Structure formats: C-alpha cells, structure tokens
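K.L.:
compute the structure for the input listed below.
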Amino acid sequence: MVNRLFTIIVLIGLPLSVAGSLFHWSQILMFVIYCLTIIALAGFMGRATESLAIVAGPRIGGLLNATFGNAVELIISIFSLKAGLLGVVLASLTGSVIGNLLLVAGLSFFIGGLKYKRQEFNVYDARHNSGMLIFAVVVAFVIPEVFSMTMDEAETLSLSIGISIILIILYLAALFFKLVTHRGVYQHKSDTAEAHEVPEWSKMKAIIILLLSTIAVAYVSENLVHTFETVGEQFGWTELFIGVIIVAIVGNAAEHASAIIMAYKNKMNVAVEIAIGSTLQVSMFVAPLLVLISLFFKDRMPLVFTLPELIAMVTAVFLTIMITNDGDTNWFEGAMLLAAYLIMGIGFYLL
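P.N.:
Predicted coordinates:
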C-alpha cells in the first residue's frame with residue numbers, strides 16, 4: 001500500500017516539480033510538492049537498499065542504506081552552500097545527527113518493541129559505535145567551537161579543514177576495520193538468527209533504481225533550496241529550524257522508513273546500523289566533506305556550530321549510548337529517545 005502510494009507520488013510529483021520550476025508556481029506550493037517527491041523517491045531508495053542488504057548482509061546493507069540516505073542530504077546541502085545558506089547546512093547536519101539518534105532509532109525501538117518484548121542486536125558493534133560517536137561528535141565538533149573563541153575567521157577555517165581531513169581518514173579506516181580486517185570477528189547470535197529472505201529486486205535492478213532516484217533527488221533538491229527563504233518568511237521559521245527539523249527529516253526519509261521496517265521485522269542489526277551508522281557517516285564524512293566542498297564557493301563553511309546545536313548533539317549521543325550499550329532494547333527506551341527529540345524540536349522552533 002505504502003509502496004504504491006510512493007509510486008503515485010513520484011509519477012505525479014516529478015512532472016509537477018519540472019512544471020512548477022519552469023512556470024514559477026507559488027513557492028509555498030512547490031515547497032510541499034518538492035518535499036513529498038523527495039520523500040517518495042527516498043522510499044524507492046530504501047526498497048533498493050533493502051534488496052541489496054538481503055544479498056550483502058546486515059553490515060554492508062546498513063552501510064549502503066545510510067550512504068544513499070545521506071546522499072539526499074548531501075545533495076541538498078551542496079546546493080544550500082552554493083546559495084550561501086551556511087546556517088541551513090550546519091543546522092541540517094545537527095538535525096541529521098539528532099534525527100538519526102533520537103527520531104530514527106527511537107521510532108525503530110518503539111515500533112519494534114510494540115511487536116516484540118525484547119529486541120537484541122550485536123553488543124560488540126554497539127560498544128564500538130559508542131566510542132566512535134563520542135569521538136565524532138563530542139571531540140571533533142566541540143574542539144572547533146572552543147578553539148574558535150580565540151581565533152579569527154581564517155584560523156578557524158584552517159582548523160576546520162585540518163579536523164575535516166582527519167575525520168574523513170578515520171571514517172575510511174573504520175570502514176576498513178569493520179568490513180575487512182575484523183569482518184566476522186565480533187559475532188553475535190542475532191547475526192545469524194535472521195531468516196533467509198528473497199530480495200524484492202535483483203541486484204542490477206536495485207542499483208539502477210538507486211542511481212535514477214539519486215539523480216531525480218538532485219534535481220528536486222536544487223529547486224527545494226530556492227523555496228527556503230519564502231517558506232521561512234511565510235511561517236515564521238528560522239534558518240535553524242528549517243535546517244534542524246525540515247531539511248533533516250526530508251533528507252533522511254529513506255533511512256527513517258528502512259530502519260523502522262527492519263525493526264518491525266526484528267532485524268535489529270540492520271536497524272541499528274542504519275541509525276547509528278548514518279550518524280557516524282554524517283559527522284565523520286558528510287560534514288567534513290561539506291567543509292572541503294565549501295572552499296570552491298564564495299561563502300566558506302567552518303565546522304563551528306551554535307551552542308544549542310552542540311548541546312543537542314552531545315545530549316543525543318550520550319542518551320543513545322546509555323540505551324544501546326547493552327545490545328538490548330524495548331518500546332519504552334524508544335519512547336525516551338522520541339521524547340528527547342520532541343523536547344529539542346520545541347526548543348529549536350522557539351529559538
């Protein structure tokens with residue numbers, strides 16, 4: 001039912017997106033059309049990566065899902081950088097971190113927990129991810145904020161570039177560690193407990209759909225960025241709220257859908273890999289990559305967040321670590337994560 005609805009939205013939304021941009025329809029109307037179209041396209045990306053996950057296994061499947069899910073946000077952010085909307089980009093990165101850790105993981109744990117009393121996942125991966133989360137968010141994001149207080153803009157940008165390069169190298173090293181040198185070393189009984197499934201699409205069909213969906217998302221995202229200013233003025237939304245809540249939810253729609261589906265099927269290894277793996281990818285690869293990409297534009301982006309953004313991300317990291325470190329979850333823990341996200345959402349709306 002949902003898949004059919006997404007298909008209808010894409011078939012209608014893509015032509016309307018092209019027509020609206022050519023004939024300059026209402027910016028408010030086009031904002032709604034663009035968001036719905038991107039979410040529907042993200043649904044196709046989620047189905048394709050789920051098919052690939054069945055073939056490749058939970059770790060690689062979760063990585064693929066996170067990568068293509070973050071591709072949507074990366075594309076939106078690049079066009080936002082081009083438009084000089086640095087505040088929206090930094091806010092969307094914040095929204096992606098707290099959205100994945102609190103909203104995606106929270107919904108996954110809550111909905112999966114309603115069906116199963118307890119859900120287990122690889123505790124070794126959870127503990128490994130905990131250390132990486134603390135490094136990626138608490139160390140790499142807080143350090144530029146603290147040091148920038150006594151630096152000028154040029155020095156802050158140089159610090160951000162150095163940290164960005166280190167983050168990207170460490171992220172690639174982490175992938176090499178998990179997928180090559182230590183693949184299969186830290187096994188858990190839930191790794192082999194999942195029933196064999198037949199993928200919805202063949203490997204080639206899934207790859208083609210992923211590529212076509214990504215191209216379509218790139219086109220719609222470029223037009224979506226141009227509606228932010230009008231929408232913000234119309235509804236009284238700040239750049240911070242648009243980035244943290246709106247762009248983050250739209251940009252991560254594929255991961256939201258896939259993680260919840262995986263949790264409902266009791267495939268918690270994939271669900272956790274999507275939520276936490278996506279957060280690590282955003283903080284250790286997407287954010288530093290955007291800092292480096294911004295060097296090619298007029299407005300260059302340092303890796304410096306506002307105090308509310310930093311506190312929100314650090315809080316989300318420590319709450320998630322406390323809940324996931326035992327490799328076991330339930331619906332109430334999911335409800336706590338969701339409650340934290342709602343509290344932060346209200347705060348960002350009122351800022």
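K.L.:
mind checking how far residue 30 is from residue 315?
P.N.:
Distance from residue 30 to residue 315, counting by CB to CB, to the nearest Å: 35 Å. Where C-beta positions appear, they are placed from N, C-alpha and C, glycine not excepted.
K.L.:
neighbour count: those two, which is higher?
P.N.:
Neighbours were counted for residue 30 and for residue 315 using other CB atoms under 10 Å; residue 30 has more, 23 against 16.
K.L.:
in what helix or strand does the more buried one lie?
P.N.:
In the assignment (DSSP states H and E), residue 30 maps to helix 27-56.
K.L.:
residues contacting the residue lying closest to residue 129 once chain neighbours are set aside?
P.N.:
Distance criterion CB to CB, 6 or more residues apart in numbering; nearest residue to residue 129, sequence neighbours excluded, is residue 276 at 4.8 Å. Neighbour list for residue 276: 100, 101, 105, 126, 129, 133, 320, 324 [criterion: CB atoms under 8 Å, 6 or more residues apart in numbering].
K.L.:
closest one to residue 159 out of those residues, please.
P.N.:
residue 133 (21.5 Å; CB to CB).
K.L.:
just the pLDDT at that closest one, thanks.
P.N.:
Note for residue 133: predicted pLDDT of 91.
K.L.:
wait, what's in contact with it?
P.N.:
Contact partners of residue 133, counting by CB under 8 Å, 6+ apart, are 276, 279, 280, 283, 317, 320, 321.
K.L.:
out of these, what pair is the most spread apart?
P.N.:
Longest span within these, CB to CB: 283 and 321, 14.0 Å.
K.L.:
these two - which one has more neighbours?
P.N.:
Neighbour count, other CB under 10 Å: between residue 283 and residue 321, residue 283 has more, with 25 against 18.
K.L.:
neighbours around the residue nearest to the more buried one when sequence neighbours are not counted, how many?
P.N.:
Spatially, and ignoring its direct neighbours in sequence, residue 283 is nearest to residue 136 (4.0 Å; CB to CB, 6+ apart). Neighbour count of residue 136, defined by other CB under 10 Å: 27.
K.L.:
mind pulling up the pLDDT for residue 136?
P.N.:
87.
K.L.:
about what we covered before: wait, which of the contacts of residue 276 is closest to residue 91?
P.N.:
Among these, and counting by CB to CB, the member closest to residue 91 is residue 100, at 14.8 Å.
K.L.:
which residues does that closest one contact?
P.N.:
Taking CB under 8 Å, 6+ apart, one finds 252, 255, 275, 276, 278, 279, 282 in contact with residue 100.
K.L.:
switch to 10 Å and redo it
P.N.:
Residues in contact with residue 100 (CB atoms under 10 Å, 6 or more residues apart in numbering) are 66, 69-70, 106, 248, 252, 255-256, 259, 274-283, 316, 320.
K.L.:
point out where the protein drops to low pLDDT.
P.N.:
1-2, 57-59, 61-62, 65-66, 69, 182-197, 251, 253-255 (pLDDT under 70).
K.L.:
what ranges does it have for its strands?
P.N.:
Taking DSSP state E, the strands of the chain run over residues 119-120, 328-329.
K.L.:
what pairs with the first one, parallel or antiparallel?
P.N.:
Spelled out, it's strand 119-120. Sheet pairing here is set by DSSP bridges, and for strand 119-120 it gives strand 328-329 (antiparallel).
K.L.:
what's the strand it pairs with in contact with?
P.N.:
Applying CB under 10 Å, 6+ apart, the set of residues contacting strand 328-329 from outside is 105, 108-110, 112-113, 116, 118-121, 123, 126, 263, 268, 271-272, 323, 337.
K.L.:
swap the cut-off to 8 Å and go again
P.N.:
Residues beyond strand 328-329 that count as contacts (CB under 8 Å, 6+ apart) turn out to be 109, 112, 113, 118, 119, 120, 121, 123, 268, 323.
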